[in-house]
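Chemist: What shape does this take:
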Amino acid sequence: MRDDPAPRKQAMAEHLAPQEERLDVTVQSPSSGLPVAALEDLPKVLVAPPWTEKRKSTAPREIPGLEAPAPQLVSRGDEFERALALEPDFVEWDPDTYWDRIDDDRVYGYRHGFDLADGILSQLARCGPRLADQAVEQLQNLPWHAAALMPIRSTPAAALAAHWFLRLDAGRDAGLAWFDRHGLHTAALLVPEAFGPKVYQRTTARGALRLLAWRHGAEAVVQAVGVHGPEAVAGVEAVLADPDRPLLNNPTAGAVHGRSDLPPVLTADRAAILPRQAVSHLIAVLSQWTPRTPYPAAETVAEACDRDSLTRFSLALARKYQFTNWTIGQLARFGGPEAAELIEAKVKKSGARQIAQTGLALEALAALPADIAFPALYRMSRGKLHETVRKAAAAKAADVAARVKSEVEPLADRAAPTLGLDDPARLVLDFGPRAFHIKADERLRLRIADDTGKLRARLPRPSLRDDAETAAASTARFRKLTKDLAAELAFQGDRLKDAMLASRIWDADGFARLLANPVLASLAKGLLWIGETPAGPQGFRLAEDGSFADVNDKPLELAEGGRVRLAHPALLGPDLPLWTEVFADYEILQPFDQLARPALTLTEEEARTGVLERFSGATATFAALREVLDWKRLYWDEPDKPIEHAYLFARELPRERLNAESAAVVDNAHLLAEIDPSPNYRDPDPDRRHRIIWVWFSPTKNRRRGVPTLRGDALDPVLVAEILAGLGRATGINH
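Modeler: This is a model prediction of the structure:
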């Protein structure tokens with residue numbers, strides 16, 4: 001059953017203001033004959049903005065007697081539980097005494113075996129808010145360890161977050177993330193600094209109060225600081241009296257870049273164009289706006305100017321000045337749908353080389369309507385970009401999915417393009433007097449049929465009787481479809497393979513949506529699925545008519561609301577050879593290796609002990625082992641001796657791949673290995689063979705003898721099968 005895509009798009013788009021129809025940004029707004037707008041007809045921010053006037057503030061310099069509230073720790077989700085589960089990067093340690101050595105009254109910076117953020121978080125989770133102020137002191141000018149600041153709600157934390165955001169280029173995201181977390185609670189925390197004795201901190205705190213007013217409204221901020229008394233309330237009102245005042249420094253972009261070769265901006269009634277002076281101030285206004293710093297003057301500009309010409313101006317500004325930091329953010333507000341294409345191209349070009357600009361670009365992209373932002377972010381999260389960029393894009397894609405109340409992969413299914421294969425009108429190629437029709441078989445191999453229905457091997461060349469321009473456009477469209485289809489099949493095939501390896505589950509509605517997409521449906525027909533039926537989980541394939549067929553080729557009905565997953569050979573048991581025969585008989589080509597994968601399972605002993613005895617004594621090259629395990633630097637826990645380290649094989653396993661029973665009692669899951677001889681950690685020889693002493697599943701990184709192992713059957717059998725297959729390839733043992 002096919003879903004109507006219109007309600008889905010509407011549901012996604014309603015979470016942000018709708019965007020206008022696509023504009024031809026290469027064509028300037030018609031300005032010939034239009035007069036220049038009179039300054040008195042324009043809003044003040046385009047004529048005499050605050051940065052052109054001397055600062056005037058009635059706010060008091062200091063207010064004596066202000067007290068900072070007591071520090072609090074505010075956890076999000078299982079943040080503290082995860083912090084308690086953090087382990088040192090030691091080869092081994094005594095789990096009964098290790099934490100007893102930690103001083104409950106002192107925060108350790110860069111504690112041996114931890115990075116700074118993890119070390120501080122683990123102590124805060126154990127010792128509580130009495131260490132919060134010490135933790136903030138340790139984090140000064142270290143925004144890359146911001147994870148440790150996030151749960152701390154205090155005046156020193158607010159001051160540090162404001163400092164990071166307003167004073168450090170590298171601290172912008174970290175500082176804003178703290179304000180994202182704590183919202184209006186931060187207003188009262190900033191007041192002691194905003195009216196304190198130190199000028200630098202006072203200026204920074206007042207800038208942060210203006211940020212809160214931009215985000216939540218001045219009235220809400222004033223109300224939030226009422227706990228400090230009427231004098232503080234009056235002071236904050238004075239700080240926020242001019243909503244168009246920049247957060248900290250006056251903008252310079254407009255004065256430097258007020259160029260006349262940018263497209264003209266029309267007034268809202270389209271009766272005049274902005275004068276050069278107003279254009280300079282407009283650039284300054286746009287330079288202040290980002291999705292996370294919503295400068296109020298930008299809304300004034302939006303009301304005073306024609307939207308289409310603002311869009312052209314916004315896009316031209318970003319192009320002309322090559323996506324400098326001050327041009328990127330405003331694209332999310334004024335750039336329209338075309339902004340997504342520009343931003344994606346920019347991220348792919350600059351990547352990790354200009355990580356600050358990349359972060360701003362991804363932020364701007366994520367602020368666009370979900371149906372525009374998500375597909376681009378998701379593509380980049382799975383593309384060939386630097387790992388740092390992929391992770392950042394994945395995080396923004398998750399934010400967009402959460403905004404529309406979805407998880408990432410189900411939204412990726414809904415956002416998967418159909419390429420017009422579900423629209424008969426788009427499958428017609430017009431040559432003028434002749435028309436041809438694109439036909440796609442079950443494998444989406446494209447054929448061409450003429451008006452009589454006769455199939456052709458390829459699209460014919462235009463004849464003299466054809467309309468040359470129309471035929472050329474149709475030919476180009478067909479070639480683009482062919483290229484896009486090949487790329488999309490490969491992309492979605494990789495997605496489905498990862499879904500199998502991750503044991504992803506589709507609910508009934510999600511599976512129906514997947515089958516409604518012609519590209520995904522074509523791939524799904526080449527795969528084996530497992531569905532919940534009244535008789536229990538059963539394998540099925542998609543028959544030629546779209547129905548479900550079991551291993552005996554009989555119709556299969558899913559249970560009402562039955563969930564579905566991709567089959568892995570490790571889940572099929574004795575049905576695997578039967579299904580392999582079915583797929584061979586029907587000559588079903590699979591988009592990736594599914595039934596041909598090794599169906600490896602644990603022995604009873606391995607399932608009970610978690611020790612993979614079959615590999616003990618086997619040999620493998622260093623390079624082969626690295627394909628299955630990570631080569632990690634670990635330290636020795638010897639407090640009174642110089643720090644020494646070793647490199648050992650280990651692999652952290654996703655906690656969500658534990659079964660429910662084990663997840664209730666186990667914090668972590670690892671695959672550990674010991675080999676002999678130990679490689680040269682500085683320059684290991686990839687071709688040297690090493691003997692595996694033992695390899696085992698563990699609930700901890702601790703290799704100390706006597707530490708319990710993790711039962712092998714505590715883990716998802718698909719994950720276990722892939723691990724066994726990887727070690728089998730490395731050692732030559734495939735059983």
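Chemist: Identify the bridge partners of the residue nearest to residue 678 when sequence neighbours are not counted.
Modeler: Spatial nearest neighbour of residue 678, chain neighbours left out: residue 646 (7.6 Å); criterion: Cβ to Cβ, 6 or more residues apart in numbering. For glycine as for every other residue, the C-beta is placed from the backbone atoms N, C-alpha and C. Counting by DSSP bridges, residue 646 is bridged to residue 634.
Chemist: burial count for residue 646?
Modeler: 13 (other Cβ atoms under 10 Å).
Chemist: That one contacts residue 681, doesn't it?
Modeler: Yes: between residue 646 and residue 681 there is a contact at 7.0 Å, judged by Cβ atoms under 8 Å.
Chemist: Do a quick rundown of the helices in the stretch 1-150 of the chain.
Modeler: Taking DSSP state H, counting those that start in this stretch, the helices of the stretch 1-150 of the chain run over residues 5-13, 79-84, 116-127, 132-138.
Chemist: Least reliable of these by average pLDDT, please.
Modeler: Per-segment mean pLDDT for the helices of the stretch 1-150 of the chain reaches its minimum on helix 5-13, at a mean of 38.
Chemist: For residue 732, give me its contacts.
Modeler: residue 618 (Cβ atoms under 8 Å, 6 or more residues apart in numbering).
Chemist: Distance from the host helix or strand of residue 192 to the middle of the chain?
Modeler: If you go by DSSP states H and E, residue 192 is part of helix 185-194. Its chain's average C-alpha position is 31 Å from that of helix 185-194, according to Cα atoms, centre = their mean, to the nearest Å.
Chemist: next helix or strand past it?
Modeler: Using DSSP H and E, the helix or strand that directly follows helix 185-194 along the chain is helix 199-216.
Chemist: Report all helices and strands that that following helix contacts.
Modeler: Packed against helix 199-216, as judged by 3 or more Cβ pairs under 8 Å, 6 or more residues apart in numbering; DSSP states H and E, are the following elements: helix 155-167, helix 172-182, helix 185-194, helix 218-224, helix 230-239.
Chemist: Helix 199-216 and the second one, what's the angle between them?
Modeler: For helix 172-182 against helix 199-216, the angle by axes from the mean of the first three to the mean of the last three Cα atoms, to 10 degrees is 60 degrees.
Chemist: and what of the third one?
Modeler: Angle between the axes of helix 185-194 and helix 199-216 is 160 degrees (criterion: the same axes, to 10 degrees).
Chemist: now helix 185-194 against helix 155-167, angle please.
Modeler: Relative orientation of helix 185-194 versus helix 155-167 (the same axes, to 10 degrees): 90 degrees.
Chemist: helices or strands up against helix 185-194?
Modeler: When contacts are defined as 3+ Cβ pairs under 8 Å, 6+ apart, helix 185-194 sits against strand 152-153, helix 155-167, helix 172-182, helix 199-216, helix 218-224, helix 230-239.
Chemist: what do you get for the first one?
Modeler: Where contact means 3+ Cβ pairs under 8 Å, 6+ apart, helix 155-167 is packed against helix 132-138, helix 172-182, helix 185-194, helix 199-216.
Chemist: What residues does residue 455 make contact with?
Modeler: Under the contact definition (Cβ under 8 Å, 6+ apart), the residues listed for residue 455 are 439, 447-449.
Chemist: that older thread, quick one: which of the helices and strands packed on helix 199-216 is nearest residue 512?
Modeler: Each of these has some distance to residue 512 by Cβ to Cβ; the shortest is helix 172-182, at 35.8 Å.
Chemist: mind listing what's buried in that closest one?
Modeler: Using 16 or more other Cβ atoms under 10 Å as the burial criterion, the residues of helix 172-182 that qualify are 172-179, 181-182.
Chemist: can you tell me the average pLDDT over it?
Modeler: In this model, helix 172-182 carries a mean pLDDT of 97.
Chemist: contact partners of it?
Modeler: The contact list for helix 172-182 (Cβ under 8 Å, 6+ apart) reads 74, 76, 143-144, 146, 149-150, 153, 157-158, 161-166, 168, 186, 189, 208, 211-212, 215, 292-293, 356, 359.
Chemist: Buried only: go through these for me.
Modeler: When the contacts of helix 172-182 are checked for burial by 16+ other Cβ under 10 Å, the buried set is 143, 146, 149-150, 153, 157-158, 161-166, 186, 189, 208, 211-212, 215, 292-293, 359.
Chemist: So which residues of the stretch 201-350 of the chain form helices?
Modeler: For the stretch 201-350 of the chain, the helices identified by DSSP H, counting those that start in this stretch occupy 218-224, 230-239, 253-257, 276-288, 297-304, 307-320, 325-328, 331-334, 338-350, in order along the chain.
Chemist: Any idea which of those has the lowest pLDDT on average?
Modeler: Looking at the helices of the stretch 201-350 of the chain, the bottom one is helix 253-257 with a mean of 71.
Chemist: Give me the distance from stretch 310-328 to the chain's centre.
Modeler: 24 Å.
Chemist: How about residues contacting it?
Modeler: Stretch 310-328 has contacts (Cβ under 8 Å, 6+ apart) with 20, 23, 25, 28-29, 251, 253, 257, 259, 261-265, 282-283, 286-287, 290, 301-302, 330-331, 333-336, 338-339, 342-343, 346, 350, 356-357, 360-361, 364.
Chemist: How about stretch 108-125?
Modeler: In this structure, residues lying in contact with stretch 108-125 by Cβ under 8 Å, 6+ apart are 73, 80, 83-84, 86, 88-90, 102, 107, 131-132, 135, 138-139, 142, 145-148, 151-152, 635, 637, 639, 643.
Chemist: go again using 7 Å as the cut-off
Modeler: If you take Cβ atoms under 7 Å, 6 or more residues apart in numbering as the criterion, stretch 108-125 is touched by 73, 80, 83-84, 86, 88-90, 102, 107, 131-132, 135, 138, 142, 145, 147-148, 151, 635, 637, 643.
Chemist: Also stretch 347-367?
Modeler: The contact list for stretch 347-367, computed with Cβ under 7 Å, 6+ apart, reads 169, 173, 290-292, 323, 325, 328-329, 331-332, 340, 343-344, 346, 373, 376-377, 380, 385-386, 388-389, 392-393, 396, 399-400.
Chemist: Can you tell me which of the contacts of stretch 108-125 are buried?
Modeler: 73, 80, 83, 86, 88-90, 107, 131-132, 135, 138, 142, 145, 147-148, 151, 635, 637.
Chemist: Mind checking the helices and strands packed on helix 185-194 for the one nearest to residue 607?
Modeler: With Cβ to Cβ as the yardstick, what comes closest out of these is helix 172-182 (42.2 Å).
Chemist: For the stretch 501-650 of the chain, just list every one of the helices.
Modeler: So, for the stretch 501-650 of the chain - with DSSP H, counting those that start in this stretch - the helices run 508-516, 518-524, 576-585, 604-609, 622-626.
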